[in-house]
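Trainee: Next comes the sequence, and after it the predicted model I'd like to discuss.
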Amino acid sequence: MRQLIARRLLQAIPLLFVVSVVCFGLVKLAPGDPVLSFVTPNMHAEDIERIRHNLGLDQPAYVQYYHWLMECLSGNLGYSLVNHQPVFDQIVDRIPATAGLMGISIALAILIAIPLGLIAGSNRNRFIDKAINLFAYIGISVPTFWLGILAIYLFAIKLHWLPSMGMRTIGQNSAWDIIKHGILPCAVLTFGFLASYLRYIRSGTISQLKEDYVQIQYAFGSKKSTVLFRHVMKHILLPVITLLGLSIGDLVTGALVTETVFSWPGIGSLGMTAVRGMDYPVILGITIFSALLLVFGNLLADILYGVADPRIKLGEVSS
Amino acid sequence: MRKKIFGIAAVTLLTLVVSACSGNNNNGNTASNGDNTAQASPSASGSSQPKDGGNLIIAVGADPVILNPNYAGDRVSLTIDQSLYAPLFQVNNGVKTFYLADSLTPSADNLTYTLKLKSGLTWHDGQPLTADDVVFTFDKILDEKQNSFFRENLIIGGKPIQVVKVDDTTVDFKLPQVSPAFEATLVQLTPIPKHIFEKEDNIEKSTKNAAPIGSGPFKFKEYKTGEYVTLERFDNYFAGKPHLDSVTYRIAKDTNAANLALQNGEINVKYLDPQDVGTIEATKNFDILPYSEGRLAYLLFNENSDTGVLGKKEVRQAISYALSRDELIATAYSSKDYADPAKSFVTPDGLFHTNDVPSFDNDADKAKQLLEAAGVKNLKLRFIVSSGNKAQEAASLYVQQKLKAVGITVELKNMDASAYGQKFVDPNAKDFELAYAGYIMGYDPDAYSILYKTNSTSNYTHYSNKEVDALFVQGAGEADATKRGEAYVQLQNLIAEDAPIYPVAYTKTIVAVDKRYGGLDEAVLKPVVIFEDLSKIYLK
């Protein structure tokens, strides 16, 4: 196990390096010039060059990348080109809002997706399966910005049950207030996640039902619900773990669109602003941060595999 | 923190890039003031006595970049700073309203301006606001190490102005040469507190900006990143205690969601796009206020393109003749309510503006004749368009169709907004001939020299006319208002005749204000910052 972790961590280094090079390259290749946001119409060409020089943007791209990498290794993700605040602090500031929203949405989605997926899979092609499938397709197809606006219109404007935007009422700071503001974005995100989880779990269920152990359980006279929720469900946990591992990246990168629609002050909306403003350091910081979490999430999933299914001993197979 | 496109001239670039999208437009301040009155009065008549208390929530599209007026260039920071920091004075329709200043008097030779401050002014923390703060502010702007983009405005004819304290409430500004446009520069500058910033090496990066101390009607209370900025009443505001207890600037990045929040009462003041006016108006809960932003929307002719074809005046005039201003306005802004036809390069809020200038418009036969006379055949033009900008997209399709009728082929080159911005301001860009853009330059016509003088910094058309250059120099240094006016009227005629641009419309901004609020007239609608003085607004 220890070996597995060590190997995975070593593998992560080249991966992160490649991610950072690709991301840096893409940002550099994108049209637009960050210096423009510092330029006023009455500045002369020399002034503009001076700004470019002060920002280090007059150096070749590989030199810029090297400087950034060295700083990064010493734990400094750089400073925003727009507001000069440390990128690391800006990201950390926004983690609680995003992690809270995404964490709850993902957890809810999985809790709902497991029973629905089991029911759909075990009733393959029957009415209930088709109904659940339709629901899943809607969830995958409907864009969140539209669903978000619809939810705001219905629950905030028409019914007045919930606030339409933001994370809290101005000047208030109670948990209940934040929860009220979180319900709509959470519901919209849950719906999206739920739909894709459902499809994994349904197909997992279908293939598990063909396994011998299921036939044996039936032969012993177990009830269908017992078979499904006691035996099949255990096996379904494997794909769920994979999904969870992949979702850890989402936990912090957040949902660009949903956060923007609901004015939720998370990393998604920070990233959106950075992309629009060509704020290289912030874009890179967020990308690296999420790549790091993705690597970590996958590692965690691998470890949990071993726990969920002792037959899987990844670390030892190849050694 | 700067998106340095700032101040008045600053806003220009931003609008060049972002602008046309909001499709606002208009004309005349008088007209818009009239609108306000008409709209505000029914409500005011109900309970005309202003009451104290309440909160006002204004929607803004992004986080403020920096709450320090020496550095604020983005719309959101400028809007919040307007309430946080009182200006020295403001100018509306050529009339000064004094805020921190009591008077501003030029000397007989027009080389010294004496600024008198009101007495007994204080900062939000109770410290007195004196001439020392004014001198400090100007010194810091002039200090190259402090990176204030206003520095250029304080350099006249290559030399910096001098700022001298006379006594606690009097400051002399000594100019190296006569410059009537200096008053327009003073309008943009706001004192910052010396006692807060004097020990800071780098004011722009100072942590003091996180809890700003200003002199305006509202003082800083709380900023939640990505959520809102709240200001609360400043009881010692020199013009009297504001009516409202607090003002909140709520950050709402999604327009559709923000419109719903407006209808839901979670936002009280918000900019509207023309296409959303109907929906909001139908609720009957809002005053819809269109007002001039002093902005010109125009079709740009790039004389520097590699074909060089637009270097000929006749070709530019011919293209103008092929288009119809009224049709273009209807296409790009849906209604004339939000855009007034433009002929002069100076906006109607500008000094010496006249729309009585030569105009080439809506005459396809004339267009063909001119093209033939110029010996131009099978003309092909490239039109750059910022994708997603509704006004630009509509205008480009219209132009393409109209020019086809006179035998000109237009190739539309749609590109990402930042690529468009980069190409637009690149003085060496030779691969396009047409672009649809806009600018806000402020009320003093000298500001336009950077756009039309030969080889000046923002001459995106690459237009050059010796006579125009000379008139700009004359206008900038002429103290006599009559002679100055003559120079600028002549300039407007010359430039209109040369057609370096095809002026389309003076566009309006539209703001929706919840009907429960009064005092909108007294607060004065203002380009970029929405209201000039929020202390006058009250809850009915």
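Mentor: Thanks, I have it.
Trainee: Mind listing residues that contact stretch A:268-285?
Mentor: By C-beta atoms under 8 Å, 6 or more residues apart in numbering or on different chains, the residues outside stretch A:268-285 that reach it are A:20, A:23-24, A:27, A:30, A:32-34, A:37, A:68, A:77-82, A:87-88, A:90-91, A:94, A:98, A:253-260, A:263, A:286, B:3, B:62-63, B:226, B:253, B:418. Every residue, glycine included, has its C-beta placed from N, CA and C.
Trainee: Go through those residues and flag which are in helices.
Mentor: A:20, A:23-24, A:27, A:68, A:87-88, A:90-91, A:94, A:98, A:253, A:256-260, A:286, B:418 (DSSP state H).
Trainee: are any of the contacts of stretch A:268-285 buried, and which?
Mentor: For the contacts of stretch A:268-285, a burial check counting by 16 or more other C-beta atoms under 10 Å in any protein chain shown picks out A:20, A:23-24, A:27, A:32-34, A:37, A:68, A:77-82, A:87-88, A:90-91, A:94, A:98, A:253-260, A:263, A:286, B:3, B:62-63, B:226, B:253, B:418.
Trainee: residues in contact with residue 170?
Mentor: With no chain named, the answer covers chain A. B:Asn55, B:Ile57, B:Tyr228, B:Thr230, B:Thr248, B:Arg250.
Trainee: try again with chain B
Mentor: Going by C-beta under 8 Å, 6+ apart, B:Thr170 touches B:Thr114, B:Leu115, B:Lys116, B:Leu117, B:Ala131.
Trainee: Which of the three states applies to the residue most central in space within chain A?
Mentor: Relative to the mean C-alpha position of chain A, the nearest C-alpha, by C-alpha atoms, centre = their mean, is the one of A:Asp250, at 1.0 Å. Under DSSP: H, G, I helix; E, B strand; the rest coil, the three-state class of A:Asp250 is helix.
Trainee: Please parse chain B into its domains.
Mentor: Chain B breaks down by automatic domain parsing into domains covering B:3-212+B:509-539, B:295-504.
Trainee: and those domains, which one's lowest on average pLDDT?
Mentor: Note on those: domain B:3-212+B:509-539 shows the lowest mean pLDDT, a mean of 81.
Trainee: just how off-centre is that domain within its chain?
Mentor: Offset of domain B:3-212+B:509-539 from its chain centre (C-alpha atoms, centre = their mean, to the nearest Å): 12 Å.
Trainee: tell me what the helix or strand hosting B:Gln492 is packed against?
Mentor: B:Gln492 is part of helix B:481-498 when elements are defined by DSSP states H and E. Applying 3 or more C-beta pairs under 8 Å, 6 or more residues apart in numbering or on different chains; DSSP states H and E, we find helix B:481-498 packed against helix B:466-477.
Trainee: buried ones in the helix it packs on?
Mentor: Going by neighbour count (16+ other C-beta under 10 Å), the buried part of helix B:466-477 is B:Val468, B:Asp469, B:Leu471, B:Phe472, B:Gln474, B:Gly475, B:Ala476, B:Gly477.
Trainee: Would you pull up the residue in the stretch 201-319 of chain A closest to chain B?
Mentor: A:Pro265 (2.7 Å; C-beta to the nearest C-beta).
Trainee: Could you look up the SS state of that residue?
Mentor: Relying on three-state DSSP, one would call A:Pro265 coil.
Trainee: Which pLDDT value goes with it?
Mentor: Per-residue pLDDT puts A:Pro265 at 88.
Trainee: now swap in A:Ser74 and tell me
Mentor: For A:Ser74, the pLDDT comes out at 82.
Trainee: Wait, B:Ala318 touches B:Gly375, no?
Mentor: No: look at B:Ala318 against B:Gly375 with C-beta atoms under 8 Å: they stay out of range, at 11.8 Å.
Trainee: Compare those two and say which one has the larger neighbour count.
Mentor: B:Ala318 (28 against 9; other C-beta atoms under 10 Å in any protein chain shown).
Trainee: What distance do you get for the more buried one to B:Gln400?
Mentor: With the distance defined as C-beta to C-beta, to the nearest Å, B:Ala318 ends up 16 Å from B:Gln400.
Trainee: repeat for A:Ile128
Mentor: Counting by C-beta to C-beta, the gap from A:Ile128 to B:Gln400 is 55 Å.
Trainee: can you check B:Leu494 too?
Mentor: From B:Leu494 across to B:Gln400, the span is 30 Å (C-beta to C-beta).
Trainee: Ok, B:Tyr321 next?
Mentor: Distance of B:Tyr321 to B:Gln400, given as C-beta to C-beta: 16 Å.
Trainee: the more surrounded of those two?
Mentor: Neighbour totals were compared for B:Tyr321 and B:Gln400, and B:Tyr321 leads with 24 against 17 (other C-beta under 10 Å).
Trainee: tell me the secondary structure for that one?
Mentor: With three-state DSSP as the basis, B:Tyr321 sits in helix.
Trainee: shouldn't it be in contact with B:Ser359?
Mentor: No: applying C-beta under 8 Å, one finds B:Tyr321 not in contact with B:Ser359, separated by 9.8 Å.
Trainee: Going by residue numbers, what spans are helices in chain A?
Mentor: With DSSP H as the criterion, chain A has helices at A:2-29, A:45-54, A:61-73, A:87-122, A:127-141, A:144-151, A:175-209, A:212-219, A:224-226, A:233-253, A:256-261, A:267-276, A:280-308, A:314-317.
Trainee: Would you mind listing what in the stretch 101-250 of chain A touches chain B?
Mentor: Taking C-beta under 8 Å from any C-beta of the partner chain, the part of the stretch 101-250 of chain A that reaches chain B is made up of A:145, A:148-149, A:152-153, A:156-157, A:160, A:163-168, A:170-171.
Trainee: now do 10 Å
Mentor: A:145-146, A:148-149, A:152-153, A:156-158, A:160, A:162-171, A:173, A:181 (C-beta under 10 Å from any C-beta of the partner chain).
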